[in-house]
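S.K.: Turn this into a structure:
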Amino acid sequence: MGYVTAVPVSQPRAARAGGPAVASGGRRSLAAALLLGALGATVVLLSSGQIWAEGVASVGGGTVPVEADGGAVTGVPTALAVVGLAALVAVFAVRRTGRRLVSGLLALSGAGAAAAAFLGASDSSALNAEAARISGDTAAVVYSLSHTAWPYVTAGGAALILLAGLLALRFGSVWPAMGGRYERTAGPRSAAPRRTAATVDPERPEDLWKALDRGEDPTREA
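M.R.: Numbering: from 1, shown residues only. Presented below is the predicted three-dimensional model:
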């Protein structure tokens, strides 16, 4: 009596790696990174235009309120938010090592913008510069200095950009690239069916002219 041995059948690579689960996780991480990156950059750009610091300066024996928006305090968060948006788009234009580098740039943009926003939350140089401009006294300083919550809102938006970058670093290898759909279908095209020459009746001049218009040789036998 013969014995039947079970021969392991190699499974497709995607199946071995949990293809459907990986694809599903890739789609979720892609959607999350796009949402976090776009939302974070929007928050940073909008909140950087709000009032970050307020105070009072002495001018001509009186006092005048002085305020400074985020752009006057520091332009770093705005600049890095723009860099983050560009990196978020570039993630889909590159692959392999290039994608990891761009993903790292996205994460660093968020981290840098958050750090700059936190540092700007206690900065008073912008208000002093504004007080000097208003009073005409370069030694003018601001007192009753206070800061709003907008620097922290900016830092929160920057943290979202950072999270998008971390997602790209972790899951970017399974994300599609721009033009990937076309590259997958860009293999050798099946040859178009050869046009069958229409029957040409040499006794009919119109058939001869039509054959010539089609680029056929009416004198060649099929």
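S.K.: Mind giving me the packing neighbours of the strand or helix carrying residue 168?
M.R.: Using DSSP states H and E, residue 168 maps to helix 150-171. With contacts defined as 3 or more C-beta pairs under 8 Å, 6 or more residues apart in numbering; DSSP states H and E, helix 150-171 has these neighbours: helix 19-47, strand 51-59, helix 70-73, helix 76-90, helix 96-120. The way it works is simple: take the backbone N, C-alpha and C, and place the C-beta from them, glycine included.
S.K.: Pull out the buried positions in the longest one.
M.R.: Okay, so that is helix 19-47. Neighbour-count burial for helix 19-47, counted by 16 or more other C-beta atoms under 10 Å, picks out 26, 29-30, 33-34, 36-38, 40-41, 43-45, 47.
S.K.: got any ranges where this structure has weak pLDDT?
M.R.: 1-25, 139, 178-209, 211-213, 215-222 (pLDDT under 70).
S.K.: Apply 90 and report the result again.
M.R.: Confidence mapping of the chain against pLDDT under 90 gives the ranges 1-31, 53-68, 72, 91-99, 121-147, 171-222.
S.K.: hang on, the earlier thing: got CSV for the helices and strands packed on helix 150-171, with distance to residue 210 too?
M.R.: Below are the helices and strands packed on helix 150-171 laid out as CSV (distance: least, C-beta to C-beta, whole Å):
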stretch, distance to residue 210
helix 19-47, 53
strand 51-59, 79
helix 70-73, 72
helix 76-90, 53
helix 96-120, 55
